[in-house]
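*Asks:* Sequence plus the predicted model coming up.
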Amino acid sequence: MSTAIEAAVVAVIVATVVVAVAWPFLSPERGAPEQALSPRDRNRLELMERRDAAYAGLRDLEQDHRTGKVGDEDYQSERRRLRAEAAGALRGLDTLDSEPDTSSPEE
């Protein structure tokens with residue numbers, strides 16, 4: 001094979017790899033993935049985010065209380081608030097799971 005043909009083959013391979021790697025960033029279908037979710041899935045995602053934020057807050061609060069950054073009274077009141085937030089999110093998820101999914105036809 002001549003050098004020009006080898007260079008052309010390498011150029012085609014490199015161009016193919018560049019397009020394959022860049023495609024997710026350049027794709028016209030790119031956008032917020034939440035747009036593709038059903039309202040039920042969006043609600044589930046929101047509840048899961050609320051639950052996770054409350055858990056993270058509880059973890060951080062516990063650490064701050066152990067290190068003395070948060071006093072006992074503030075710790076107790078904030079702990080109650082965060083636990084209520086987590087419980088509300090969990091109840092919402094339970095309710096969502098117990099309702100029939102009407103977004104897709106049953107098989």
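*Replies:* Yes, it's here. Numbers count the residues shown, from 1 in each chain.

*Asks:* which ones are touching residue 96?
*Replies:* Residue 96 sits next to 40, 43, 44, 47 when contact means C-beta atoms under 8 Å, 6 or more residues apart in numbering. C-beta coordinates here come from the backbone N, C-alpha and C atoms, glycine included.

*Asks:* ditto for residue 36
*Replies:* Listed by C-beta under 8 Å, 6+ apart, the contact set of residue 36 is empty.

*Asks:* Residue 96 versus that one, what's the distance?
*Replies:* 19 Å (C-beta to C-beta, to the nearest Å).

*Asks:* burial of residue 2, as a residue count?
*Replies:* The burial metric for residue 2, expressed as a neighbour count using other C-beta atoms under 10 Å, is 7.

*Asks:* pLDDT score assigned to it?
*Replies:* If you check residue 2, the pLDDT there is 84.

*Asks:* got it, and residue 41?
*Replies:* In the prediction, the pLDDT value recorded for residue 41 is 88.
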